[in-house]
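In: Mind folding the following:
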Amino acid sequence: MTLPAQPRLHHTALTVTDLDASVAWYQQVFGVRRVNEVPHPGGTALILATSDRTLVFALHRHETNGHETFHETRTGLDHVGLSVPSRADLEAWQDHLQACGVMRAQAASQPLTQSPITDAPYASVLVFRDPDNIQLELSAPPS
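Out: Prediction:
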């Protein structure tokens with residue numbers, strides 16, 4: 001059986017509790033800018049992207065959102081994983097995240113916290129959380 005063309009990740013869509021605050025945070029942390037708004041029944045999504053569209057987030061506001069924070073043990077999203085070229089890049093991200101208000105902690109277990117870099121056989125990983133507690137990970141190839 002021949003597979004069709006291998007798909008690539010197009011965007012990551014996340015439901016947030018405060019659309020304006022999340023847009024500001026993602027813009028500051030990732031350097032994305034607002035591209036457009038996509039209304040949908042019961043809410044809207046704001047599309048944020050880098051100029052070359054290699055990184056795209058769709059942040060959704062739903063009128064029925066209960067404003068609870070994210071938790072990865074519920075069915076659905078566990079985390080968003082992004083890659084960087086090297087461990088040195090992860091170290092630079094630690095400083096950038098801290099400058100953006102994402103505080104260093106023993107574990108990234110609360111909104112706006114980041115863990116120490118973990119070096120595993122498969123990758124070096126920096127875990128951090130957005131204002132809604134959504135877990136994001138930056139990974140670099142193993143040393």
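
In: quick one, helices of this protein?
Out: Applying DSSP state H to the chain gives helices spanning 19-30, 87-99.

In: Please identify the deepest-packed of these.
Out: Neighbour counts (mean count of other Cβ atoms under 10 Å) averaged over each of the helices of the chain peak at helix 19-30, with a mean of 17. In short, each C-beta sits where N, CA and C put it, glycine included.

In: angle of that one against helix 87-99?
Out: Per axes from the mean of the first three to the mean of the last three Cα atoms, to 10 degrees, the angle that helix 19-30 makes with helix 87-99 is 140 degrees.

In: Output the contacting helices and strands for helix 19-30.
Out: On a contact count with 3 or more Cβ pairs under 8 Å, 6 or more residues apart in numbering; DSSP states H and E, helix 19-30 meets strand 33-40, strand 43-49, strand 56-62.

In: what's the closest of those strands to Arg87?
Out: Among these, strand 56-62 comes nearest to Arg87, with 24.7 Å by Cβ to Cβ.

In: What strands line up against that closest one, and which way round?
Out: strand 12-15 (parallel), strand 43-49 (antiparallel) (DSSP bridges).
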